[in-house]
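K.L.:
A predicted structure for the sequence below; I have some questions about it.
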Amino acid sequence: MNRRRNVKIIATLGPASDTPDMIRKLFDAGVDVFRLNMSHLDHKGLKRVHAAVRQVEKEVGRPIGILVDLQGPKLRIGEMKDGVAELKAGARFRLDTSKKAGDATRAPLPHPAIFDAVSAGQTLLLDDGKIRLHVMGKGRDHIDTEVEVGGKLTNRKGVSLPDTMLPLAALTEKDRSDLDAALDLGVDWVALSFIQRPDDVAEARKIARGRAAVMAKIEKPQALAHLEEIIEISDAIMVARGDLGVELPLEHVPGWQKRLTRAARRSGKPVVVATQMLESMISSPTPTRAEVSDVATAVFEGADAIMLSAESAAGKFPVEAVTMMDRVAQSVENDPTYPGIIYAQRTEPEATGADAISAAAHSVADTLNAAAIVCWTNSGSTGLRAARERPLFPIIALTPVHATARRLALVWGLHCVLTEDARDLDDLSERACRIAFQEGFAEPGQRIVVTAGVPLGTPGATNMLRVAFVGRRSAE
């Protein structure tokens with residue numbers, strides 16, 4: 001099976017979709033990578049769902065990526081008396097370290113780091129930004145605020161601090177335990193929440209030691225100030241628009257989505273656009289027109305992957321949501337304006353031999369109207385470079401490494417095929433032709449462009465480009 005689109009689809013698994021039968025249906029509908037959210041999974045559940053995905057992968061004979069999303073620090077108020085209190089705009093409201101249940105004048109806040117970091121004049125947001133507090137002053141055990149936007153405050157609602165750099169690590173003890181469990185299973189990607197600085201990513205990379213690729217979720221304004229360094233140290237980024245939209249003015253999020261997508265593309269790192277893409281399909285079999293346009297925008301921008309969250313994890317129509325996302329993506333990529341938009345965002349290759357070969361492969365394939373680019377890759381770097389060029393014809397990534405094929409399942413335009421390393425240069429070209437034919441991308445008489453590294457099997461050493469004819473022997 002090959003996808004007739006370049007952008008990849010990530011679907012979150014949950015109660016509505018985490019059985020082998022549903023996972024197979026979601027894959028058939030178009031999912032390339034499955035996300036497992038550790039906010040809702042214990043280690044036993046993680047192991048069960050991981051095994052179910054691998055079972056489906058074996059059935060379909062196609063590499064499937066698994067992304068484990070770590071929870072990160074969860075900042076919440078404590079309990080409220082009678083479970084709820086009404087905060088009035090203009091009223092004074094105190095957050096303190098007392099364990100006593102809160103009311104309309106105060107609430108417990110069991111996070112000492114917030115008291116240390118917050119300053120007068122900053123903003124505190126409660127319940128996903130529905131309640132806005134202006135900090136008037138603080139003491140060692142309390143923060144005094146004025147309610148700017150009021151509302152009903154219930155037990156254990158989340159706290160956000162858009163103006164404050166918190167002295168908290170992105171990895172909690174739970175995250176470390178979850179990360180160890182995920183790495184032991186052999187997952188392909190790990191997504192980090194609550195990233196504020198490059199050091200947050202470096203800590204996770206040190207633990208992972210290359211056993212999984214690390215994705216930084218950009219969901220806090222503090223991360224935007226260190227964007228280039230975070231992208232540099234990460235294997236990929238996620239535009240986590242839900243939390244970003246809480247801590248930034250909503251009207252700023254679309255612009256940041258574009259900037260984040262283009263910054264990742266310039267660096268040759270995959271970028272995922274996530275959150276509320278088809279939100280109404282949690283309860284409806286069809287999306288709104290605005291949601292369809294939102295998905296289309298991410299595809300037009302050249303995002304590597306677009307993601308479903310609650311739509312596939314807990315919604316009533318998970319298969320329909322994937323099918324709709326697949327249809328929108330294919331329609332955009334077949335739109336006559338798409339090539340020009342994608343080409344306009346293309347960046348110049350870096351001054352390395354591998355980048356020069358990848359850019360040349362794109363140019364040669366374009367000039368010859370080749371059927372496909374075929375890149376041999378062990379570490380995955382050749383595949384990433386080929387995808388960075390965003391050629392408008394298929395890219396087949398051939399690799400002998402299971403982990404590489406699964407990780408590249410998330411990357412724009414890459415059709416990954418597991419095959420043993422080429423024996424010599426003739427085998428390299430002949431097998432590339434045969435696989436291009438077998439996978440349905442080339443016909444006898446057509447040409448393909450092949451890139452590889454010599455000596456064969458050397459990771460990260462792309463230095464060779466060949467043009468090969470798909471002969472009739474390839475069809476035998």
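P.N.:
Ah, there it is.

K.L.:
so where do the helices sit in the stretch 151-300 of the chain?
P.N.:
173-185, 198-208, 221-224, 227-233, 241-247, 253-267, 289-300 (DSSP state H, counting those that start in this stretch).

K.L.:
okay, those helices in a markdown table with mean neighbour count and mean pLDDT next?
P.N.:
Heads up, the C-betas are built off the backbone N, CA and C, glycines and all. Listed next are those as a markdown table, based on neighbours: other CB atoms under 10 Å; pLDDT from 0 to 100:
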| stretch | mean neighbour count | mean pLDDT |
| --- | --- | --- |
| helix 173-185 | 17 | 98 |
| helix 198-208 | 18 | 96 |
| helix 221-224 | 20 | 95 |
| helix 227-233 | 17 | 97 |
| helix 241-247 | 20 | 92 |
| helix 253-267 | 18 | 95 |
| helix 289-300 | 18 | 98 |
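
K.L.:
Dump those helices into JSON lines; add distance to residue 69 as well.
P.N.:
Formatted as JSON lines, those follow (distance: least, CB to CB, whole Å):
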{"stretch": "helix 173-185", "distance to residue 69": "10"}
{"stretch": "helix 198-208", "distance to residue 69": "12"}
{"stretch": "helix 221-224", "distance to residue 69": "16"}
{"stretch": "helix 227-233", "distance to residue 69": "17"}
{"stretch": "helix 241-247", "distance to residue 69": "12"}
{"stretch": "helix 253-267", "distance to residue 69": "18"}
{"stretch": "helix 289-300", "distance to residue 69": "18"}
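
K.L.:
From residue 278, how far out is the closest residue to residue 265 other than its chain neighbours?
P.N.:
Counting by CB to CB, 6 or more residues apart in numbering, residue 302 is the residue found nearest to residue 265 once chain neighbours are left out, at 6.1 Å. Using CB to CB, to the nearest Å, residue 302 is found at 20 Å from residue 278.

K.L.:
In the stretch 1-150 of the chain, mark out all the helices, start to finish.
P.N.:
20-29, 43-60, 112-117.

K.L.:
Out of the helices of the stretch 151-300 of the chain, which gets nearest to residue 109?
P.N.:
helix 241-247 (17.4 Å; CB to CB).

K.L.:
pLDDT below threshold where in this structure?
P.N.:
1, 457-460, 474-476 (pLDDT under 70).

K.L.:
And the closest residue to residue 347 other than its chain neighbours, how close does it get to residue 227?
P.N.:
Once flanking residues are discounted, residue 347 sits nearest to residue 266: 4.7 Å by CB to CB, 6+ apart. According to CB to CB, residue 266 stands 11 Å off from residue 227.

K.L.:
What of residue 193?
P.N.:
Applying CB to CB, the value for residue 193 to residue 227 is 17 Å.

K.L.:
Ok, residue 113 next?
P.N.:
Distance from residue 113 to residue 227, counting by CB to CB: 24 Å.

K.L.:
Pull the contacting residues for residue 468.
P.N.:
Contacts for residue 468 were tallied using CB atoms under 8 Å, 6 or more residues apart in numbering; they are 429-430, 432-433, 447-450.

K.L.:
Of the helices of the stretch 1-150 of the chain, flag the one that's most buried.
P.N.:
Compared across the helices of the stretch 1-150 of the chain, helix 20-29 shows the largest average neighbour count, a mean of 18 (mean count of other CB atoms under 10 Å).

K.L.:
Contacts for that helix, please.
P.N.:
Here helix 20-29 makes contact (CB under 8 Å, 6+ apart) with 11, 13, 16-17, 34, 52-53, 55-56, 59-60, 64, 312, 318-319, 322-323, 326.

K.L.:
That helix versus helix 43-60: what angle between them?
P.N.:
50 degrees (axes from the mean of the first three to the mean of the last three CA atoms, to 10 degrees).

K.L.:
more neighbours, residue 302 and residue 278?
P.N.:
residue 278 (28 against 25; other CB atoms under 10 Å).

K.L.:
Test my guess that the more buried one contacts residue 287.
P.N.:
Yes - with contact defined as CB atoms under 8 Å, residue 278 counts as touching residue 287 (4.7 Å).

K.L.:
so what's in contact with the two at the same time?
P.N.:
By CB under 8 Å, 6+ apart, the residues touching both residue 278 and residue 287 are 321, 324.

K.L.:
Look up how far residue 451 lies from the residue nearest to residue 229 when sequence neighbours are not counted.
P.N.:
Closest residue to residue 229 apart from its sequence neighbours, by CB to CB, 6+ apart: residue 198 at 4.2 Å. Here residue 198 is placed at a distance of 31 Å from residue 451 (CB to CB).

K.L.:
dump the residue contacts of residue 244.
P.N.:
Applying CB under 8 Å, 6+ apart, we find residue 244 in contact with 218-221, 253, 256.

K.L.:
cool, residue 208 as well?
P.N.:
Residue 208 makes contact with 179, 183, 190, 214, according to CB under 8 Å, 6+ apart.

K.L.:
again, only using 7 Å
P.N.:
Residue 208 makes contacts with 183, 190, 214, as judged by CB atoms under 7 Å, 6 or more residues apart in numbering.

K.L.:
Next: residue 447.
P.N.:
With CB under 7 Å, 6+ apart, residue 447 has these contacts: 368, 370-371, 467-469.

K.L.:
Buried ones among the residues you listed?
P.N.:
Neighbour-count burial (16 or more other CB atoms under 10 Å) applied to these gives 370-371, 468.

K.L.:
Among those, name the ones in strands.
P.N.:
residue 468 (DSSP state E).

K.L.:
now the strands for the stretch 301-450 of the chain?
P.N.:
305-308, 372-376, 395-399, 414-418, 447-453 (DSSP state E, counting those that start in this stretch).

K.L.:
Centre-most residue in this structure?
P.N.:
By CA atoms, centre = their mean, the chain has its centre lying nearest to residue 272, at 3.7 Å.

K.L.:
just to revisit the earlier point, most widely separated two among the contacts of residue 468?
P.N.:
Longest distance between any two of these is 14.9 Å, between 430 and 449; criterion CB to CB.

K.L.:
list the contacts for the nearest residue to residue 439 once chain neighbours are set aside?
P.N.:
For residue 439, ignoring the flanking residues on the chain, the nearest one in space by CB to CB, 6+ apart is residue 2 at 5.7 Å. The contact partners of residue 2, taken as CB under 7 Å, 6+ apart, are 415, 439-440.

K.L.:
Kindly recompute the last result at 8 Å.
P.N.:
394, 415, 439-441.

K.L.:
closest to residue 43 among the residues you listed?
P.N.:
Taking CB to CB as the measure, residue 415 is the one of the contacts of residue 2 closest to residue 43, at 33.2 Å.
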